[in-house]
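Undergrad: Turn this into a structure:
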Amino acid sequence: MIAGIGMDLCQVARMEKLLRDEKFLRRYFAEEEQAYILNKGVSAAQTMAGMFAAKEALCKALGTGIVSAALSDICVLHDESGAPFYALRGEYASLAAEKGIASLFLSITHEGGMAAAVCAAERSP
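TA: The predicted structure is shown next:
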């Protein structure tokens, strides 16, 4: 059963400026996310924008908005084929468990200087 859906947009140009801000990267992205972003070369800002949008989309799907927990606890990873998925840690993992979330689904896209992400949260029947 669908428990929540969230969607977010992020401007790539905003992330281009923040890409060189190590404090921002550490605050919002886990170490493995930072490595993934920085290894993307010319598409690093686009990738970062999509991952940032994915974090905000998850907060909306959980129905909590951004809480006091670190957004780096919402880790956006990629499988062998490049498909993104969530790995929740800390307070966000606890929030999802409290809400009975069994599965999270994520889609990220980029077009025309924007990145968008959609998250669907599913509860166990």
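Undergrad: tell me the contacts of the residue nearest to Tyr28 when sequence neighbours are not counted?
TA: Residue nearest to Tyr28 in three dimensions, not counting chain neighbours: Leu71, with 4.8 Å by C-beta to C-beta, 6 or more residues apart in numbering. All C-beta spots, glycine's among them, are computed from the backbone N, C-alpha and C. Contacts for Leu71 (C-beta atoms under 8 Å, 6 or more residues apart in numbering) come out as 27-29, 55.
Undergrad: Kindly provide the distance from Leu71 to Gly100.
TA: 22 Å (C-beta to C-beta, to the nearest Å).
Undergrad: Output the longest helix belonging to this structure.
TA: Secondary structure assigned by DSSP state H gives helix 44-62 as the longest helix of the chain.
Undergrad: Can you show me the strands along this protein?
TA: 2-11, 74-78, 84-88, 101-111, 114-123 (DSSP state E).
Undergrad: thinking Ala117 is in contact with His110, fair?
TA: No - with contact defined as C-beta atoms under 8 Å, Ala117 does not reach His110; the gap is 9.9 Å.
Undergrad: Overlap in contacts, those two.
TA: Gly50.
Undergrad: who's more crowded, the two?
TA: Ala117 (27 against 18; other C-beta atoms under 10 Å).
Undergrad: Any stretches of the chain with poor pLDDT?
TA: 67-68 (pLDDT under 70).
Undergrad: so Ala70 sits right up against Arg27, yeah?
TA: Yes - under the criterion of C-beta under 8 Å, Ala70 makes contact with Arg27 at 7.2 Å.
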